[in-house]
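In: Model the structure of this input:
(chains A and B)
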Amino acid sequence: MDVLACVKRVPMVGGRITLTEDGQEVDTRMSGFTVSPHEECAVEEAVQLTEREGGTVTVLTLGPPEAEAQLRDMLALGAGRAVLLETGPEEWGPQSTAAAIAAAARATGPYDLLLFGNEAADTGGYQVPVRVAHELGLPCVTGIKTLEVTGDGMVAAREYRGRQERFGLPRPAVISVKEGINLPRYPSLPGRLRAKRATVERLVPQARPDGLRKAMLTVPARESRRAEVLGTGPEAVPALVALLDELGVLP
Amino acid sequence: MTVLCLTELEPDGGTVTDASLRALAFSRSLAGPAGEEVAAAVLDAPDAALASEARAALAAAGVRTAHVADLGEAAGYAPLAWARALAQLASTGLASTGPASAVVAAGTDHGQEVLAHLGAITGLPMAANCLTAARGDAGQWQLTRQRWAGSLTEEAVLDGDPALLTVATDAVAPAPADTPAELTVAPFRPALADGDLTVRAAVSAERGGGVSLATARVVVGGGRGVGGPDGFGPLEELAGLLGGVLGVSRVVTSQGWRPHRQQVGQTGTRITPELYLACGISGAIQHMAGCLSAKNIVVVNTDPDAPIMSHARYAVIGDLNQVIPALLDALRERQNAVR
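Out: Numbers count the residues shown, from 1 in each chain, chains lettered A, B, ... in the order given. A predicted model of the protein is given here:
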């Protein structure tokens, strides 16, 4: 089973999110970048599937030259091949990203399965996997939390409003997953060494206009407050009990 | 012209989902200024005439026309078939009020998935988790939408006639219309293409028993400060005493200390409790994205400068491994006194 797992390089953010002065980007001078969480799980799922079923894992990203670092992180998790669709520093929208990934899947495939994250942590567009599926004429399902291989297809499931939805799909197919489908492994030392030496293939994707264009980012104005301190250590317990009583949550 | 809103029903067929009521409220905010009307696309109704409660709910939400699809044996959720049905309603004279200027859905798994398919079928752009949308010049729309699960707001321009929008459901109230509409129910049978039903959901019965994290009235949260997989007992006991459930931060699930289904946050569950008692959680933005809808956030943390302090109402500065056992003692004593 040959699997293509697509990932996105996103800013690493912690307790606060700050923007560049022009309001166009998240300020990453003090932080750095990582792979969007759902997508790291897509790579782990691809590696587990091929460990069970045999086959290969190719990891792909569209991004600036620096995104090579995220591809190497995914090679360290067990992917065998890496493809960078190299862009400039500008952000690509969902339609142009999907078109570029579909073209690259054709050029580097064929694949039995294309795995994605359900949505990117930063832009949250919720559509690239579906658009890629349509470009390639493949069936698609999103937000998957369990995935099984059957004779000539897949069974994928997720939870929706407290009920489980199960989908049967033929192969090849496009599936986007959510964190929780697995617990990504820590890269082994041999994995990291192999990743360091591996070749990253580079393709230049064809840009096209996008119908959704970012104008500006802002940090939403939230009521800025400072928690009222009830006390320190176990001595604060009576005040805490009184508060819980006032909130009406005590039995 | 019409603003067409994908409207989901609860499995009983009578109740409109809370998320869809929010999407309908958003749809009215688009339709009103342009003098357009709101039409609902109901694709999961067990009864083409709609149950009377569903009709009443749609009328109260200001819906003039409810297009109720008959998907034949495909009754149920099939994302591509649903998108095909919306495409037909949006473009053709099936809608008595003419083509749609916008197609709206709630920002749920179904809403995002169906509108993504609709975008792909039509070649139109789609914007997820919108907060506001207004018509600009030359057929463009000015939007604000969520990034980082609401930690950032994007101002964006969207081309597209119709505009395809999902609604950030935590940002729009499910308010009824000022004046209810006179509702017409219009059954229709979408023309499906081969393969539209390849992917369809087989739905299992509701998971039995227990309070769910998403709807719990009290959530007791544990983070890195719990210290390890064996430290959650007191937090679970406290959650049980308060009629709530345990929720955890991402570090807890990525360490494998607790299962992912207990994670609160951007990549876990969004919670809306009366009380969120967050213990040993610093408050990364990805975590706060999942809990800012809590009515009251109360923190137990050793660090008085943790980011979560600027979101919380009350805080106890201290080690949860001392504070929580002491709190449990006090609550037990109180229960005994009542008896």
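In: Surely residue A:225 and residue B:313 touch.
Out: Yes. Using CB atoms under 8 Å, residue A:225 makes contact with residue B:313 at a distance of 7.5 Å. (Glycine included, C-beta is placed from N, CA and C.)
In: Which residues are in contact with residue 164?
Out: Just going to use chain A. Remark: with contacts taken as CB atoms under 8 Å, 6 or more residues apart in numbering or on different chains, residue A:164 is in contact with A:157-158, B:203-204, B:207.
In: To clarify, I was referring to chain B.
Out: B:102-103, B:115, B:118-119, B:122, B:124-127.
In: Tell me how far residue A:242 lies from chain B.
Out: Distance, residue A:242 to chain B, using CB to the nearest CB, to the nearest Å: 10 Å.
In: Check residue A:72 too.
Out: Noted for residue A:72: a distance of 20 Å to chain B, by CB to the nearest CB.
In: what kind of secondary structure is that residue in?
Out: helix (DSSP: H, G, I helix; E, B strand; the rest coil).
In: Based on its surroundings, how many neighbours for it?
Out: Using other CB atoms under 10 Å in any protein chain shown, residue A:72 has 20 neighbouring residues.
In: my guess is it contacts residue A:196, does it?
Out: Yes. Contact criterion CB under 8 Å: residue A:72 and residue A:196 qualify, at 6.7 Å.
In: which residues of chain B fall in helices?
Out: B:18-34, B:52-60, B:79-91, B:109-122, B:233-241, B:250-254, B:285-288, B:320-338 (DSSP state H).
In: more neighbours, residue A:225 and residue B:313?
Out: When residue A:225 and residue B:313 are compared for neighbours, residue B:313 comes out ahead with 17 against 11, by other CB under 10 Å.
In: Wait, that one touches residue A:229, no?
Out: No. Using CB under 8 Å, residue B:313 makes no contact with residue A:229, being 11.0 Å away.
In: Just give me the closest of the contacts of residue A:164 to residue A:28.
Out: Nearest to residue A:28 among the contacts of residue A:164, counting by CB to CB, is residue A:158 at 31.8 Å.
In: what sits against the residue in the stretch 51-200 of chain B that chain A sits nearest to?
Out: Nearest residue of the stretch 51-200 of chain B to chain A, counting by CB to the nearest CB: residue B:125, 2.8 Å away. The contact partners of residue B:125, taken as CB under 8 Å, 6+ apart, are A:93-95, A:210-212, B:119, B:158-160, B:164.
In: Narrow those residues to just the buried residues.
Out: Neighbour counting over the contacts of residue B:125 (16 or more other CB atoms under 10 Å in any protein chain shown) leaves A:93-95, A:210-212, B:119, B:158-160, B:164 as the buried ones.
In: With chain B as the reference, measure out to residue A:51.
Out: Taking CB to the nearest CB, one finds residue A:51 at 19 Å from chain B.
In: now do residue A:87
Out: The spacing between residue A:87 and chain B, counted by CB to the nearest CB, is 19 Å.
In: Now do that residue: how many residues are near it, please.
Out: 20.
In: Once you drop chain neighbours, what's closest to residue A:210?
Out: Leaving out its chain neighbours, the residue that sits closest to residue A:210 by CB to CB, 6 or more residues apart in numbering or on different chains is residue A:93, at 2.9 Å.
In: who touches that neighbour in this structure?
Out: The contact partners of residue A:93, taken as CB under 8 Å, 6+ apart, are A:125, A:210-213, B:125.
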